[in-house]
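[1] Quick one, structure for this:
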Amino acid sequence: MSVQDVDLPGRVLFVTEDPELLRRQLAGEDLPWDPDRPLRANISTDELTPGWVCYYYDATLARYCLVGLKGGVVEKDAVKGGGFSVIVSGPSKGCGSSRETAPYSELGAGVRLVIAPSIEKIYRQNAQNIGLLTSTDLGLVPRILAGERIAVSEFTRGLDPISAGIVEHGGLFAYNKARLAGAVSPPAVATAPRPMTLAEKILAAHVITDAKEGAVGVPAVKPGDAFFARTDVRFSHEYVTPMAESLFVEGLGAEARVTDPESVFAFRDHLTFLDLVMPKAHRDMGLASQAASLATVQEGFVARHGIKLYGEVHRDGKLVGSEAICHNKVIEELALPGQLVAGTDSHTCMAGALGCFAFGVGSTDMANAWLTKDVRVTVPETARFVLTGRLLAGVSAKDVMLHVLSQPFFKSGAGIGKVLEFAGDGVSAMGLDERATLTNMAVEAGGFTGIIEADEVVVEYLVKQRGLGADDVRRRIVRADPGAAYVATFEVDLGAVRPMVATPGDPRNGVPLQDLRGPDGAAAIPIDIAYGGSCTGGKKADMDMYAGVLSDALAKGRRVADGVHLYIQFGSQDIRRYAEARGYLDVFARAGAELVDPSCGACIKAGPGVSDSPGQVTVSAINRNFPGRSGPGQVYLASPYVVAASAILGRIGSPAEI
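    Next up is the predicted model:
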């Protein structure tokens, strides 16, 4: 049964820039509507449900809604006990991780509607999937405060038919039950042949035209077309698999089976090293056993359904880490050009470097996809980035992305939900690893995904890495049509890009390294931690960068500065073997680096390299630095070159300064 209108009798929580106003609301005071009152922008999913909260995947999540909000104003049970039915905040609500725990915690706390001037793509889709209403119309606020009953059409306006149907049915499971029973049918894609972008061509080939017969493919799609698309690869990791399985059983029954388990994969890659860094306060809360249970639940799930698990690695009888971070392994072994890849992680888009359409989904989407093999897609607009020229020495793809993210198109939120397609002779000159940095960080702009047309660099990689036939790979390559339409086109002269650093709080805070200043205005920013790792910063090319800087430092008689910890973490065991074969492990050790086997680790506050006090400063090669993401300290994002150089200098700086 579909919802017709919505009653919102509870209170309205304004997530204000002023922490005192927020504190007073949580204590029981109601604020009047004031359109000029500053509201918190860029509230990330890390703040809605910090990493440690995600060890839960049930109603417990409601107790910790918004406890990670900067400033520590929101305490346990504060939102749940406040009687709020509406939350209102600033633009870019729900940026960052794809964790469905974030909207789930709000819904469980009694919130029925989230309003913000702009809402990030994955967060919004997750909210729709679980029945949490969203709107970008702040004009609803005074109407709600006046006690008006709001028609559901207010929350479906502008949505594609499938998304509107999901909202009207109260969530994806209810909609899919109606769909599978024949009560509702997504409209057929009837777009006439047209020149298509790379992303559009891949999506058109994956449109499901007959679910019963398994038929896929239409002549063309255009932005705004909505459909269910057949996936080629589906994967999840231990942070999300338990919640997705719980939803799978709840929605489909204990006897439901995963369809085509050969195309489904699971990873134990997020919390492998959590025991090494879990704070005592969290242990006292019983979180050690709760977190450990995630891997156990995942192991049981994959065993029951015959799913391949990339798990832990032991060396000499001792646990040393994971086989790989999921995104690195998807590129090494799983994805191919022209495919559609769905994973329960926002950085799934990294695989777009292979010329496939790869994107992150939430737990509910994956639970449904385990059964149906499909995911819902609304064709996004594509922004094209033409990279020309060549990077200067000491400048990397990470600097390019920090430069791109700092532009008004992204800082204003215009990039939300867009595909970022990278092209040009500057991209052609990059190796696969550097291309993967571009696609990986597309999501930091709020993008749907990042993608690069496959070429001979990709062919050679897949032939060497997997032993595939070159001609077989070439036949898979999809290319954009001449005359394809783009929502915007940007040209970036790589020769003009200088080393960049993103200041704490948001990857979009990029500034040239030469212009960087600390909070006190000083040019020198001393550091405590230099972290080289994560899916973004733990690739083979990144190891080359770390080794190059550290080798030069050693030649000059320099090592890691006193008081600084330099961590170098590999994205996969294959990458570790690469570094070992080239003698990098010895270079790293002699320079004073601490080596860490594969795992997401410090990037999600779950391994060596996390800060443990607000006063600590980290310079990191990871992809995002939202508040609390890697500990309570201040995190600056930079390239592998700058991370390694900063470790030697004891402050944020470049290799040229060593």
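[2] From here on, just use CA atoms for contacts and neighbour counts.
    Fine.
[3] What's the mean pLDDT across the helix or strand encompassing residue 546?
    Using DSSP states H and E, residue 546 sits in helix 540-555. Helix 540-555 carries an average pLDDT of 98.
[4] From the chain's centre, how far out is that helix? Work that out for me.
    28 Å (C-alpha atoms, centre = their mean, to the nearest Å).
[5] CA atoms of the helix or strand that that helix is followed by as PDB?
    Moving toward the C-terminus from helix 540-555, the next helix or strand (DSSP H and E) is strand 565-569. What follows is strand 565-569, C-alpha atoms only, in PDB (Å, rounded to 0.1, in the frame of the first residue of the first chain):
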ATOM      1  CA  HIS A 565      55.400   8.300  13.200                       C
ATOM      2  CA  LEU A 566      55.400   7.400   9.500                       C
ATOM      3  CA  TYR A 567      53.100   4.500   8.600                       C
ATOM      4  CA  ILE A 568      53.200   2.900   5.100                       C
ATOM      5  CA  GLN A 569      50.300   0.500   4.500                       C
END
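[6] so what strands line up beside strand 565-569?
    Sheet pairing of strand 565-569 (DSSP bridges) gives strand 529-532 (parallel), strand 594-596 (parallel).
[7] wait, which of those strands is closest to residue 58?
    Closest to residue 58 of those, according to C-alpha to C-alpha: strand 594-596, at 32.0 Å.
[8] helix or strand right after the closest one?
    Past strand 594-596, the next helix or strand by DSSP H and E is strand 617-620.
[9] Mind listing residues that contact the following helix or strand past that following strand?
    Counting by DSSP H and E, the next helix or strand C-terminal to strand 617-620 is strand 634-637. Residues outside strand 634-637 that contact it (C-alpha atoms under 8 Å, 6 or more residues apart in numbering) are 501-505, 507, 614-625.
[10] re earlier: comparing the strands paired with strand 565-569, which comes out most buried?
    Scoring the strands paired with strand 565-569 by mean neighbour count under mean count of other C-alpha atoms under 10 Å gives strand 529-532 as the most buried, with a mean of 31.
[11] Can you tell me what sits against stretch 62-80?
    Contacts for stretch 62-80 (C-alpha under 8 Å, 6+ apart): 19, 22-23, 26, 43, 46-50, 53, 102, 104-110, 627-628.
[12] Please repeat the previous calculation with a cut-off of 7 Å.
    By C-alpha atoms under 7 Å, 6 or more residues apart in numbering, the residues outside stretch 62-80 that reach it are 19, 23, 26, 46-50, 53, 105-106, 108-110, 627.
[13] Quick check: the farthest pair among the residues you listed?
    For the contacts of stretch 62-80, with distances taken as C-alpha to C-alpha, the pair at the greatest spread is 110 and 627 (25.0 Å).
[14] out of these two, which sits in the busier spot?
    With neighbours defined as other C-alpha atoms under 10 Å, residue 110 and residue 627 compare such that residue 627 has more, 23 against 19.
[15] Quick check: the more buried one touching residue 503?
    No - applying C-alpha atoms under 7 Å, one finds residue 627 not in contact with residue 503, separated by 11.2 Å.
[16] can you tell me which residues contact residue 319?
    residue 313.
[17] so it sits in a strand?
    Yes - assessed by DSSP: H, G, I helix; E, B strand; the rest coil, residue 319 belongs to a strand.
[18] Residue 168 belongs to a helix, doesn't it?
    Yes - remark: residue 168 belongs to a helix, assigned using three-state DSSP.
[19] number of nearby residues for it?
    Close neighbours of residue 168, defined as other C-alpha under 10 Å, add up to 24.
[20] mind checking how far it is from residue 116?
    20 Å (C-alpha to C-alpha, to the nearest Å).
[21] phi, psi of residue 215?
    Dihedral pair for residue 215: phi -80, psi 140, per degrees, to the nearest 10.
[22] Quickly list what it is bridged to.
    Assessed by DSSP bridges, residue 215 has beta-bridge partners residue 210.
[23] which SS state does residue 111 fall under?
    In three-state terms, and counting by three-state DSSP, residue 111 is coil.
[24] Check residue 385 too.
    Put simply, residue 385 is strand when judged by three-state DSSP.
[25] residues contacting it?
    When contacts are counted by C-alpha under 7 Å, 6+ apart, residue 385 touches 421-423, 489-491.
[26] cool, and residue 477?
    By C-alpha under 7 Å, 6+ apart, the contact set of residue 477 is 337-338, 454.
[27] cool, residue 123 as well?
    Residues near residue 123 by C-alpha under 7 Å, 6+ apart: 94, 98.
[28] Go through stretch 280-295 and flag the buried ones.
    287-288, 290-295 (16 or more other C-alpha atoms under 10 Å).
[29] typo on my end, stretch 262-269
    So for stretch 262-269, counting by 16+ other C-alpha under 10 Å, buried means 263-269.
[30] and if you look at stretch 339-347?
    339-347.
[31] now stretch 191-200
    Buried residues in stretch 191-200, counting neighbours by 16+ other C-alpha under 10 Å, are found at 195-200.
[32] from those, which ones fall inside helices?
    By the criterion of DSSP state H, membership of the buried residues of stretch 191-200 in helices covers 198-200.
[33] Point me to the helix or strand that includes the closest residue to residue 477 other than its chain neighbours.
    In space, and not counting its chain neighbours, residue 477 is closest to residue 337: 5.4 Å by C-alpha to C-alpha, 6 or more residues apart in numbering. Under the criterion DSSP H and E, no helix or strand holds residue 337.
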